[in-house]
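Engineer: give me a model of this one.
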Amino acid sequence: MPTPSLEPGQHSAQRPLTGQDARTLGLAALGGALEFYDFIIFVFFTTVIGQLFFPPDTADWLRQLQAFGLFAAGYLARPLGGIIMAHFGDRTGRKRMFTLSVFMMSVPTLLIGALPTYATAGYAAPLALLLLRICQGAAVGGEVPGAWVFVSEHVPPHRVGFACGTLTSGLTLGILLGSLVATLVNTVFPPEEVHAFGWRLPFLVGGVFGFLAVFLRRWLAETPVFEEMRQRRALVQELPLKAVLRGHGVAVVVSMLLTWVLTAGIVVVILMTPTLVQKLYGIAPAQALEAASVATLSLSVGCVAYGLLADRVGVGRALVLGCGLLLGATYLFYRGVGAAPERLVPLYALVGFCVGVVGVVPTVMVRAFPAEVRFSGLSFSYNVAYAIFGGLTPLVVTLMMKNHPLAAAHYVAALCGVGMAVAVYLLSAGRSRFAAVTPAP
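Structural biologist: Residues are numbered from 1 along each chain as shown. Down below sits the predicted model:
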């Protein structure tokens, strides 16, 4: 892997975090949480959306499939949106794209809340919804990698792990917020009112809060790294993605493999497990969702903790330890809940915290690419890998479960093995910039 260039103007600074750094991290994490809420809230209302946006004589299973297809369209749009926004992020500035992404998410979210249904607009309703989901996917494709790059270039090098972990924690809190809002709507309103208007409220509220995030991000400054490159006229002159693919292939492979590990933790442990424990162990839906909320909150704490660990001992060691703990905790969870269902919440909280190792992944990726093409390299690797592995993971795990009840645990364990193998590679001779950092003062 070619040695990435050090961050201009920061490589010798061992300063502590300042109040300005804290404000940047706080605003970035808040905006990320609101934007991820806008993207994920759709999944909590797929049943209602399927009933309202498709012909009433459609079979229930087909309506559900079509609704999930609309949700998946957002994932498929992520690579294209992320690549385009990253191109301009490397050429014109991180802040501009960082602000644009949350605006691009807010507008379609607000419009989804105001869309006419099939009963009013016919087939124009699902087509409009599909278009808006594609816009949302393009926005989140630029938001997540853009946010990681933005915060990592604002803080001192020995605090990049903490910065990326904090930002990732904010994104996971967006999932928790979506779950809580969906639960509130379904608790306050009876089913007929949810169908009539209640389902619209989370989208309308998300759109409004998104515009608030746009306003707040106006107070953020461009990253010192990009400003110094602009002053030195060191910005990439060719197509950034072309430079990434030509000169940083190994960095792309490493980043894609770690993104695969990330999808195993988030998609399987956090998003799929509440449904799986209902089928495997007869857990009541309300109990499963309550435990999932606790696990997501625990995940948010874990992201910050693992980020701090990466700053202290290096990302290689943090990955080895974190993946090993996640492997053990996943088997402990599935076997433990099967033997004692009353332990669901504490066991889910434990494995949720261990999933926090995903907070180390962006630290590796931002260091894998030189500043000139960092946004494009990270965005291409992350979004393409997430579209492939995030989309295939539920299918693979579901098919595996026909013959192996613990298929979810086996899948996560296999990916933990991949994560540890990548960590060993990073720790090997000549790649110490990924494995160790200067200890924080």
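Engineer: domain boundaries for the chain, per the record?
Structural biologist: 19-235, 239-441 (automatic domain parsing).
Engineer: Val357 contacts Gly302, correct?
Structural biologist: Yes - the criterion here is CB atoms under 8 Å, and Val357 meets it with Gly302 at 7.4 Å. In short, each C-beta sits where N, CA and C put it, glycine included.
Engineer: coming back round to it: in a markdown table: the domains of the chain, plus mean neighbour count and mean pLDDT.
Structural biologist: What follows is the domains of the chain, written out as a markdown table (neighbours: other CB atoms under 10 Å; pLDDT from 0 to 100):
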| stretch | mean neighbour count | mean pLDDT |
| --- | --- | --- |
| domain 19-235 | 20 | 87 |
| domain 239-441 | 21 | 89 |
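Engineer: got the contact list for Ser106?
Structural biologist: The contact partners of Ser106, by CB atoms under 8 Å, 6 or more residues apart in numbering, come to 38, 206-207, 210-211, 213-214.
Engineer: helix or strand right after the helix or strand hosting it?
Structural biologist: Element membership for Ser106, per DSSP states H and E: helix 94-114. Following helix 94-114 in sequence order, the next helix or strand is helix 118-121 (DSSP H and E).
Engineer: pull the most distant pair out of the contacts of Ser106.
Structural biologist: Spanning the widest gap among the contacts of Ser106 are Gly206 and Val214, at 12.8 Å by CB to CB.
Engineer: and Ala125, how far is that from Leu70?
Structural biologist: Distance, Ala125 to Leu70, using CB to CB, to the nearest Å: 11 Å.
Engineer: whoops, I mixed them up, Leu176
Structural biologist: Taking CB to CB, one finds Leu176 at 23 Å from Leu70.
Engineer: ok, back up a step: who touches both of Ala125 and Leu70?
Structural biologist: Phe53.
Engineer: returning to that earlier point: what sits in contact with each of Val357 and Gly302?
Structural biologist: Joint contacts of Val357 and Gly302 (CB under 8 Å, 6+ apart) do not exist.
Engineer: list the contacts of Leu62.
Structural biologist: Phe54.
Engineer: coming back round to it: just the contacts of Ser106: which are in helices?
Structural biologist: Using DSSP state H, the members of these that fall in helices are 38, 206-207, 210-211, 213-214.
Engineer: the residue of the chain positioned farthest from its centre: helix or strand, and which one exactly?
Structural biologist: Using CA atoms, centre = their mean, the residue of the chain lying farthest from its centre is Asp57. It sits 36.2 Å away. Under the criterion of DSSP H and E, Asp57 resides outside all helices and strands.
Engineer: now do the helices in the stretch 201-350 of the chain.
Structural biologist: 224-231, 240-247, 249-263, 273-281, 285-313, 315-339, 344-355 (DSSP state H, counting those that start in this stretch).
Engineer: so who does the closest residue to Ser376 other than its chain neighbours touch?
Structural biologist: Leaving aside its sequence neighbours, Ser376 sits nearest to Pro240 (CB to CB, 6 or more residues apart in numbering; 3.8 Å). By CB under 8 Å, 6+ apart, the contact list for Pro240 reads 86-87, 90-91, 372-373, 375-377.
Engineer: picking up where we left off before, of the ones in helices among the contacts of Ser106, closest to Leu271?
Structural biologist: Asp38 (16.7 Å).
Engineer: doesn't Pro126 make contact with Ile49?
Structural biologist: No - using CB under 8 Å, Ile49 makes no contact with Pro126, being 9.1 Å away.
Engineer: now list whatever residues contact both of those two.
Structural biologist: Joint contacts of Ile49 and Pro126 (CB under 8 Å, 6+ apart) are Leu70.
Engineer: may I have the phi/psi pair for Tyr156?
Structural biologist: Check again: residue 156 is Pro, not Tyr. Phi and psi for Pro156, reported as degrees, to the nearest 10, are phi -60, psi 150.
Engineer: measure it to Arg374 for me?
Structural biologist: Pro156 is 17 Å from Arg374, where distance means CB to CB.
Engineer: Asp90 against Val236, yeah?
Structural biologist: Yes - applying CB under 8 Å as the test, Asp90 and Val236 come out as touching, 5.7 Å apart.
Engineer: which neighbours do those two share?
Structural biologist: In contact with both Asp90 and Val236: 372-373, using CB under 8 Å, 6+ apart.
Engineer: could you work out the end-to-end span of stretch 51-67 for me?
Structural biologist: 9 Å (CA to CA, to the nearest Å).
Engineer: starting at the chain centroid, how far to it?
Structural biologist: 28 Å (CA atoms, centre = their mean, to the nearest Å).
Engineer: stretch 124-131 now?
Structural biologist: For stretch 124-131, the distance to the chain centre is 25 Å (CA atoms, centre = their mean).
Engineer: can you tell me the SS state at the closest residue to Thr24 other than its chain neighbours?
Structural biologist: When the adjacent residues along the chain are set aside, Thr24 lies closest to His154, with 5.0 Å between them (CB to CB, 6+ apart). Recorded secondary structure, His154: coil (DSSP: H, G, I helix; E, B strand; the rest coil).
Engineer: tell me the spacing between His154 and Gln136.
Structural biologist: From His154 to Gln136 the distance is 26 Å (CB to CB).
Engineer: need the residues that contact the strand or helix carrying Val424.
Structural biologist: Element membership of Val424, judged by DSSP H and E, is helix 407-427. Residues outside helix 407-427 that contact it (CB under 8 Å, 6+ apart) are 254, 257-258, 260-261, 264-265, 268-269, 272-273, 276, 314-317, 319-320, 322-324, 326-327, 330-331, 333-335, 357, 364, 393, 396-397, 400-401, 404, 431, 434-435.
Engineer: enumerate every residue touching Thr172.
Structural biologist: Thr172 touches 36, 266, 270, 296, 299-300, 303, counting by CB under 8 Å, 6+ apart.
Engineer: now with 10 Å?
Structural biologist: With contact set as CB atoms under 10 Å, 6 or more residues apart in numbering, Thr172 has these partners: 32-33, 36, 266, 270, 296-303, 352, 355-356, 358-359.
Engineer: mutual contacts of Gly206 and Val214, please.
Structural biologist: 34-35, 105-106.
Engineer: chain center to stretch 238-253, what's the gap?
Structural biologist: So, by CA atoms, centre = their mean, the centroid of stretch 238-253 is 22 Å from its chain's centroid.
Engineer: ugh, wrong one, stretch 411-431
Structural biologist: The answer for stretch 411-431 is 20 Å, by CA atoms, centre = their mean.
Engineer: output that stretch in CSV with nothing but the alpha carbons.
Structural biologist: What follows is stretch 411-431, C-alpha atoms only, in CSV (Å, rounded to 0.1, in the frame of the first residue of the first chain):
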residue,chain,number,x,y,z
TYR,A,411,-21.5,-15.3,9.8
VAL,A,412,-20.5,-12.6,12.3
ALA,A,413,-17.7,-14.9,13.6
ALA,A,414,-16.4,-15.4,10.0
LEU,A,415,-16.3,-11.7,9.4
CYS,A,416,-14.5,-11.1,12.8
GLY,A,417,-11.9,-13.5,11.4
VAL,A,418,-11.6,-11.3,8.3
GLY,A,419,-11.2,-8.2,10.6
MET,A,420,-8.5,-9.8,12.6
ALA,A,421,-6.7,-10.9,9.4
VAL,A,422,-6.7,-7.3,8.1
ALA,A,423,-5.5,-6.1,11.5
VAL,A,424,-2.5,-8.5,11.4
TYR,A,425,-1.8,-7.2,7.9
LEU,A,426,-1.8,-3.6,9.1
LEU,A,427,0.5,-4.6,12.0
SER,A,428,3.0,-6.2,9.8
ALA,A,429,6.3,-4.6,8.9
GLY,A,430,6.2,-1.4,6.9
ARG,A,431,2.6,-0.5,7.8
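Engineer: perfect, I'm done here.
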